[in-house]
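J.: Provide a 3D model corresponding to the input given below.
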Amino acid sequence: MRRLARTVLPCLVLALVGAGASPAAVRPRRDPCPDGRFMLDQERHFLGMRPGATSVWLDTGRVGLSPFCPLTEARVSATRRGTALRAAWDDCGRLVGRSKLVATMARRDCSRVRGRFLTRQLKFVTQRGERPGPERLRAERAPFGDRVPTDPRSPWPKFRRDAAQTGRSPVRPSTTGGAPWAFPTGKGIFSMPVIGPDGRIYVGSADRTFYALERDGTVAWTVQTGEIIDSAALLDDAGVVYFGSGDGTLYARRAGSGAEVWAFDADPPAATGAFIDWFEANVAMGPDRTLYVPNDNSLTYAIDPETRAVRWRFQTADQTWSLPAVDPERGLLFMGNNNLLALLGPNTFAIDAASGETRWSHATDGTIAASPMLTPDGLVVVGGFDGWVRAYDADTGRPVSLDYGYGTERTTNPDGTVAQVRVPYGTWAVPATLRLYLMVDGYPAARATATRP
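T.: Next up is the predicted model:
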């Protein structure tokens, strides 16, 4: 009986104390640190990679170690010390085999990752001729970053900056500091510059030269190609810059030195029946590092950046100047094509990023040379040479009416173009007669007169 009392009484006391505890005494549930990219220590090599070329990648419950290990499902949990990360890979790919990451993100400001990376199979030998064991991992949160492995330290690493191609800069303008400068190339510049983490500028010119310019306008290095360069480059998170040229070659160079990594040649006109084989539609990258590069030979290439192997080719009716927008969540690419007439086939596509198969497509009269933009609510928005801006549901391809704001009421045609727009007067002071203009490329394409009822 005494033994039973010694067991039961403490339990009753604890139960009464717990029942009397106020709700305020219950500890609030901790949230994990936000997603982001974390660059490894700049002063030391990691698995033989030079400093600044490796990053920890946290994305919606998945963890990757770029460029070695792809995103994989991980244990991400909030603890008293911070956010614990646990991830394992059966095979990280060509360089690293079976591996494990054990790390913690400090709770104070979620800006640092500390831990260890253990690999049981290293498929290469380091520059020191060693096969390292567990690697200590120290990383700092990068200032930018995207859902694909472009350079997370760069404010503008590709055409339209991010995979969704929003064209929105995270950098606010400043009216202090810096000094204007000008750098003359031999001919016109038709490509968008991309910006490195140190402010270095990468841009091609019609003088057939690709330039790396320091932030003060001096030349860091150049590459001479065989034709004009009118497409933008892409900076990845391993220190490589990719750019195409009108000579039919896609170049990969070290961003720091300009040293050659590899060169990829497009299928020539003799093989495709096309007139030319220019690369002039910029360069995109998927979450698994695959490069997506359209060419004027009517083929869009999916290229392995390590081996240069072509994973698939996508055939279109005409040249493609439109850069694919990449949706990592859906595993889709969205791009336009220069096909001018709907009767010749589609010119807007949703493409399976893994297989290169068409998920859905649309045909319009007028080329879709513009590059699509993805919205957070699942729309694909793209403009055409027929003067229309169209929006499609990313999953189904169903045309969606765009919201013009101010309570406008719209009716649409079956192809998604706007048939009629009604603007309510509300409390506005509207004149009796209005002249309305439809502007295309800055010029009036149509006009109408509206009379107030």
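
J.: which residue is nearest the centroid of this protein?
T.: Nearest residue to the geometric centre of the chain (CA atoms, centre = their mean): A163, 2.5 Å.

J.: Against A353, how distant is the closest residue to that residue other than its chain neighbours?
T.: Once flanking residues are discounted, A163 sits nearest to V326: 4.1 Å by CB to CB, 6 or more residues apart in numbering. C-beta here means a position set from N, CA and C on the backbone, and glycine is covered the same way. To A353, V326 is 7 Å away according to CB to CB, to the nearest Å.

J.: Let me see the residues that make contact with the strand or helix carrying the residue nearest to A163.
T.: For V326, the element it lies in under DSSP states H and E is strand 325-327. For strand 325-327, the external contacting residues (CB atoms under 8 Å, 6 or more residues apart in numbering) are 147-148, 163-165, 284-287, 292, 333-335, 353, 371-374, 380, 394.

J.: again, only this time at 6 Å
T.: Here strand 325-327 makes contact (CB atoms under 6 Å, 6 or more residues apart in numbering) with V148, A163, A164, Q165, A284, G286, L333, F334, P372, L374.

J.: Could I get the contacting residues of T364?
T.: Listed by CB under 6 Å, 6+ apart, the contact set of T364 reads A342, G384.

J.: Which residue, other than its chain neighbours, is closest to R30?
T.: Distances taken as CB to CB, 6+ apart place A78 nearest to R30, at 3.7 Å, with adjacent residues excluded.

J.: Enumerate every residue touching the one you found.
T.: A78 is in contact with R30, D31, P32, counting by CB under 6 Å, 6+ apart.

J.: could you dump those to CSV with pLDDT, neighbour count and secondary structure?
T.: Formatted as CSV, those follow (pLDDT from 0 to 100; neighbours: other CB atoms under 10 Å; DSSP: H, G, I helix; E, B strand; the rest coil):
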residue, pLDDT, neighbour count, secondary structure
R30, 75, 13, coil
D31, 84, 8, coil
P32, 87, 18, coil
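
J.: Nearest to I276 among those residues?
T.: Nearest to I276 among the contacts of A78 is P32, at 50.5 Å by CB to CB.

J.: didn't that closest one look like it was pressed against A84?
T.: No - using CB atoms under 6 Å, P32 is not in contact with A84, being 8.6 Å away.

J.: Can you give the distance of stretch 350-359 from its chain's centre?
T.: 17 Å (CA atoms, centre = their mean, to the nearest Å).

J.: same deal with stretch 169-187?
T.: Distance, centroid of stretch 169-187 to centroid of chain: 24 Å (CA atoms, centre = their mean).

J.: Please, where are all the helices along the stretch 151-300 of the chain?
T.: Applying DSSP state H, counting those that start in this stretch to the stretch 151-300 of the chain gives helices spanning 269-272.

J.: Sketch out the low-pLDDT regions of the protein for me.
T.: Scanning the chain for pLDDT under 70 picks out 1-29, 42-52, 94-95, 120-133, 402-453.

J.: how is it carved up into domains?
T.: According to automatic domain parsing, the chain comprises the domains 36-141, 147-167+187-292+300-315, 317-453.

J.: could I get the ones you listed as TSV with distance to A179?
T.: Output for the domains of the chain, formatted as TSV (distance: least, CB to CB, whole Å):
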stretch	distance to A179
domain 36-141	27
domain 147-167+187-292+300-315	8
domain 317-453	32
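
J.: Just name the most buried of the ones you listed.
T.: Highest mean neighbour count among these (mean count of other CB atoms under 10 Å): domain 147-167+187-292+300-315, with a mean of 20.

J.: end-to-end on that domain?
T.: The first and last residues of domain 147-167+187-292+300-315 sit 27 Å apart, counting by CA to CA, to the nearest Å.

J.: Tell me the gap between stretch 315-323 and the middle of its chain.
T.: Centroid separation for stretch 315-323 versus its chain: 20 Å, with CA atoms, centre = their mean.

J.: circling back to that earlier point, quick one: strands adjacent to the strand holding V326?
T.: Counting by DSSP bridges, the strands paired with strand 325-327 are strand 332-336 (antiparallel).

J.: Output the strand it pairs with as PDB, nothing but the C-alphas.
T.: These are the backbone C-alpha positions of strand 332-336, laid out as PDB (Å, rounded to 0.1, in the frame of the first residue of the first chain):
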ATOM      1  CA  LEU A 332       7.700  23.100 -65.900                       C
ATOM      2  CA  LEU A 333       9.200  25.600 -68.400                       C
ATOM      3  CA  PHE A 334       7.200  28.200 -70.100                       C
ATOM      4  CA  MET A 335       8.300  29.900 -73.300                       C
ATOM      5  CA  GLY A 336       7.200  31.500 -76.500                       C
END
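
J.: and the end-to-end length of stretch 144-152?
T.: OK, stretch 144-152 end separation, CA to CA: 5 Å.

J.: and what of stretch 74-84?
T.: Terminal residues of stretch 74-84 lie 10 Å apart, using CA to CA.

J.: now that stretch, how far from the centre of its chain.
T.: Averaging C-alpha positions (CA atoms, centre = their mean) puts stretch 74-84 27 Å from its chain's average.

J.: please begin residue numbering at 85 from this point
T.: All right, first residue 85 from here; so that's stretch 158-168.

J.: Any figure for the gap between the closest residue in space to D314 that isn't next to it in sequence and A290?
T.: Setting aside the residues directly before and after it, D314 is nearest to F274 in space (CB to CB, 6+ apart), at 3.8 Å. According to CB to CB, F274 and A290 sit 6 Å apart.
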